[in-house]
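Asks: Task: produce atomic coordinates for the following.
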Amino acid sequence: MKWMIEPLRRYFQKSGRATRREFWGFSLLNLIVTFVTLGAAGAVSPATTNTSTRGPEGFNFSYSSQFTDSVAGTVFVSIYGLYIAATFIPSVMVTIRRLHDRGATGWRALVFPALFLV
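Replies: Numbering: from 1, shown residues only. Model (predicted):
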């Protein structure tokens, strides 16, 4: 359990190394929090109400308002959003330290976000 929260204690520390256990433990913690909060939001929200509309050129736009149809669902989604905001920097830093442990530069952590922006 200690290795799951180690990245939170080393919040802004980009130097050093992160073991596989620390990196994957923190990733597992993030996955568990995601499933619990969004699963709870889905459990307390009413059934999905899909709405389809026709857009220009005949495109079909559909959206689901499942999580925000109830107050409890909105609370769980808000808790998840706060968790993501609080763990964004530790996630980046543990990735950089893990890359250092593998002998790579920390700048490689920017490859996938840069590809997402392109």
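
Asks: center of the chain - which residue?
Replies: The C-alpha lying nearest the average C-alpha coordinate of the chain belongs to residue 84 (CA atoms, centre = their mean; 5.5 Å).

Asks: ranges for the helices of the chain?
Replies: Listed in chain order, the helices of the chain (DSSP state H) span 2-9, 20-44, 71-101, 111-117.

Asks: follow-up on the earlier one: now for the residue nearest to the centre of the chain: which residues touch it?
Replies: Counting by CB atoms under 8 Å, 6 or more residues apart in numbering, residue 84 touches no other residue. Where you see a C-beta, it was placed from the backbone N, CA and C, and this is true even at glycine.

Asks: Just the pLDDT for the nearest residue to residue 11 once chain neighbours are set aside.
Replies: Excluding the flanking residues, the one nearest residue 11 by CB to CB, 6 or more residues apart in numbering is residue 90, at 5.7 Å. For residue 90, the pLDDT comes out at 88.

Asks: show me what contacts residue 90?
Replies: Contact analysis of residue 90 by CB under 8 Å, 6+ apart lists 7, 8, 10, 11, 26.

Asks: could you redo the last one with a cut-off of 7 Å?
Replies: 7, 8, 11 (CB atoms under 7 Å, 6 or more residues apart in numbering).

Asks: Kindly report the same for residue 36.
Replies: Residues counted as contacts of residue 36 (CB under 7 Å, 6+ apart): none.

Asks: Could you do residue 80 as well?
Replies: If you count contacts by CB under 7 Å, 6+ apart, residue 80 has them with 34, 37, 38.

Asks: what number of residues lie near the first one?
Replies: When you say that, I think you mean residue 34. 13 (other CB atoms under 10 Å).

Asks: Distance of it relative to residue 95?
Replies: 17 Å (CB to CB, to the nearest Å).

Asks: Repeat that for the last one.
Replies: In this structure, residue 38 and residue 95 are 22 Å apart, going by CB to CB.

Asks: who's more crowded, the two?
Replies: Between residue 38 and residue 95, residue 95 has the larger neighbour count (other CB under 10 Å), namely 21 against 16.

Asks: what residue ranges in this structure score low on pLDDT?
Replies: 3, 46-69 (pLDDT under 70).
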